[in-house]
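K.L.:
structure for the following, please:
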Amino acid sequence: MAENFLIKQETYLEAGIHIGTKLKVVDMNPFIYRIRNDGLYVLDLRKIDERIRMAGKLLAKYEPGEVMVVASRTYSGNAASVFSAVTGIKVFQGRFIPGILTNVARADFMEPKILLICDPRSERQAVTEAGTMGIPIVGLCDSDNITTFVDWVIPCNNKGRRSLALIFYLLAREYLMGRGKIASYDEFTKPLAAFEAEPGEEVAVAEGAAAPAAVADESVKAAIQEPSDAAHLEGHSPKASGEKVAEAPAEAAATAPAEKAEEAAAPSEEKHAHAHKKKEKEE
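P.N.:
Predicted coordinates for the structure are as follows:
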């Protein structure tokens, strides 16, 4: 039975949205599917899809002016700026200055009713202030993110350009649907490529055309057609650093194709792993 995903499963896999880091915190245990031989944690694709869908519905309960996105890194900032142009939601890019959410005397004081953050570690100042002020937080969280004060976790690769572009593309589409701005997905014409493009970079897809789902490699197609090995995975809990990774039979059924398609997504994964190493050095 095919999964009712927001977008083709192949597109999720090619974007590497399910590839975590080599670190895992206990907060993210419910969203971990397994650990690969190279040490990277794989996130549950079904839960990623479900939580993006629910986040879109949650954000749609608020007017654009009541929502704020905090995007401190380049890739998240690029995708978030397109999200802002499509939805009208304000985006705060770069370093989050202390006091923006708590000090009413500041000229740039803001009082959003809900916050969307792209990385709890890089944006911990915003997370702390929102938690202090009782502002609900929707957070894009990787396998190494602590989720304190985050009210709705979207498990995902929150460092890769293609992954972030896909997340903001889906959130924009769900937000407009929830607000009644579009009646169907066909009416959402902003191409996925626009969310991935660098500022000033030309988008190959025509602006008036709906974003096509990425075409899967032959290896991905073959993986989707092969029988699922969920039965073999049921009840199996791989261990890393002495911690047990939570898995459920339902999750295995949804993510088994992702396990077999990892070779096709290898370029994205390598970039993500490299970005993580670079981030660790910076911090």
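K.L.:
can you give me the strands for the protein?
P.N.:
32-35, 41-43, 67-71, 90-93, 114-117, 137-141, 152-155, 239-240, 243-244 (DSSP state E).
K.L.:
a markdown table for those, including mean neighbour count, mean pLDDT and distance to Val25?
P.N.:
Glycine gets a C-beta too; all of them are placed from N, C-alpha and C. As requested, these are exported to a markdown table (neighbours: other CB atoms under 10 Å; pLDDT from 0 to 100; distance: least, CB to CB, whole Å):
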| stretch | mean neighbour count | mean pLDDT | distance to Val25 |
| --- | --- | --- | --- |
| strand 32-35 | 24 | 96 | 10 |
| strand 41-43 | 23 | 98 | 10 |
| strand 67-71 | 26 | 97 | 20 |
| strand 90-93 | 20 | 95 | 25 |
| strand 114-117 | 25 | 98 | 16 |
| strand 137-141 | 26 | 98 | 9 |
| strand 152-155 | 23 | 98 | 12 |
| strand 239-240 | 12 | 38 | 12 |
| strand 243-244 | 13 | 41 | 9 |
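K.L.:
and of those, who's closest to Met177?
P.N.:
Counting by CB to CB, Met177 lies closest to strand 67-71 out of the strands of the chain; the figure is 15.4 Å.
K.L.:
who does the closest one touch, helix- and strand-wise?
P.N.:
If you count contacts as 3 or more CB pairs under 8 Å, 6 or more residues apart in numbering; DSSP states H and E, strand 67-71 packs onto helix 74-87, strand 90-93, strand 114-117.
K.L.:
looking at those, which is closest to Glu66?
P.N.:
The nearest among the helices and strands packed on strand 67-71, by CB to CB, is strand 114-117 at 6.7 Å.
K.L.:
who does that closest one touch, helix- and strand-wise?
P.N.:
Under the contact definition 3+ CB pairs under 8 Å, 6+ apart, strand 114-117 sits against helix 45-59, strand 67-71, helix 124-133, strand 137-141.
K.L.:
which one of the helices and strands packed on strand 67-71 lies closest to Phe168?
P.N.:
Per CB to CB, nearest to Phe168 of those: helix 74-87, 4.1 Å.
K.L.:
okay, the angle between that closest one and strand 137-141?
P.N.:
Using axes from the mean of the first three to the mean of the last three CA atoms, to 10 degrees, the inter-axis angle of helix 74-87 relative to strand 137-141 is 140 degrees.
K.L.:
circling back: can I get the helices and strands packed on strand 67-71 in TSV with distance to Ala105?
P.N.:
Output for the helices and strands packed on strand 67-71, formatted as TSV (distance: least, CB to CB, whole Å):
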stretch	distance to Ala105
helix 74-87	27
strand 90-93	18
strand 114-117	21
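K.L.:
which one of those lies closest to Ala183?
P.N.:
Among these, helix 74-87 sits nearest to Ala183 (CB to CB), with 16.1 Å.
K.L.:
which regions of the stretch 51-200 of the chain sit below the pLDDT cut-off?
P.N.:
200 (pLDDT under 70).
K.L.:
and Val25, how many neighbours?
P.N.:
14 (other CB atoms under 10 Å).
K.L.:
ok, now which ones touch the closest residue in space to it that isn't next to it in sequence?
P.N.:
Closest residue to Val25 apart from its sequence neighbours, by CB to CB, 6 or more residues apart in numbering: Ile146 at 5.5 Å. Going by CB atoms under 8 Å, 6 or more residues apart in numbering, Ile146 touches 25, 27, 120-121.
K.L.:
just put those in JSON lines and tack on distance to Ala15.
P.N.:
Below are the contacts of Ile146 laid out as JSON lines (distance: CB to CB, whole Å):
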{"residue": "Val25", "distance to Ala15": "23"}
{"residue": "Asp27", "distance to Ala15": "23"}
{"residue": "Pro120", "distance to Ala15": "21"}
{"residue": "Arg121", "distance to Ala15": "21"}
